[in-house]
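Asks: the following block contains a protein sequence and its predicted model.
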Amino acid sequence: MTDNSRLVYSTETGRTCPECGKPASECVCGKKEKAAKSPSPDKGDGIVRIQRETKGRKGKTVTAVHGVPLAGGDLKAFAKTLKGRCGAGGTVKNGVIEIQGDHRETLLAEIRKQGYPAKLAGG
């Protein structure tokens, strides 16, 4: 039987880290994980690829934009401009911009206008 009795909260220090047991404000475990999880810019061949995807979405179509050489807040801001141009919702997952619906041609024109080399990919 394993010992799962780790301190999670203390009235003196507040939340504690389940890994190291230090107060959350002094923990370095979480900061390391956050730094490791933040996606870095895609170091592909420099071409932004736009493709339509439906797998795993119950038949709903999304337009996926792969290979944008931006990271973090810059990528989210770029995604926001693309969503606004298409008039659709979307998200950023693992460095890939997903726009709801089939907007390949609109996105191709907008991404090229922003100065990135882009092409349509997939079928």
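Replies: Received it, and whenever you're ready, just let me know what you need.
Asks: by residue count, which helix of this structure is the longest?
Replies: Counting residues, the longest helix in the chain under DSSP state H turns out to be helix 72-86.
Asks: quick one: list the elements packing against that one.
Replies: On a contact count with 3 or more Cβ pairs under 8 Å, 6 or more residues apart in numbering; DSSP states H and E, helix 72-86 meets strand 62-66, strand 90-93, strand 96-100, helix 104-113. For the C-beta atoms, the positions are set from N, CA and C on the backbone; glycine is no exception.
Asks: right, and the helix or strand after the lowest-mean-pLDDT helix or strand in the chain?
Replies: Lowest on mean pLDDT, DSSP states H and E among the helices and strands of the chain sits helix 29-37, with a mean of 57. Downstream of helix 29-37, the next assigned helix or strand under DSSP states H and E is strand 48-53.
Asks: just how off-centre is that following strand within its chain?
Replies: Taking Cα atoms, centre = their mean, to the nearest Å, one finds strand 48-53 lying 15 Å from the centre of the chain it belongs to.
Asks: how about it: buried residues?
Replies: Residues 48-50, 52 are the ones in strand 48-53 that count as buried (16 or more other Cβ atoms under 10 Å).
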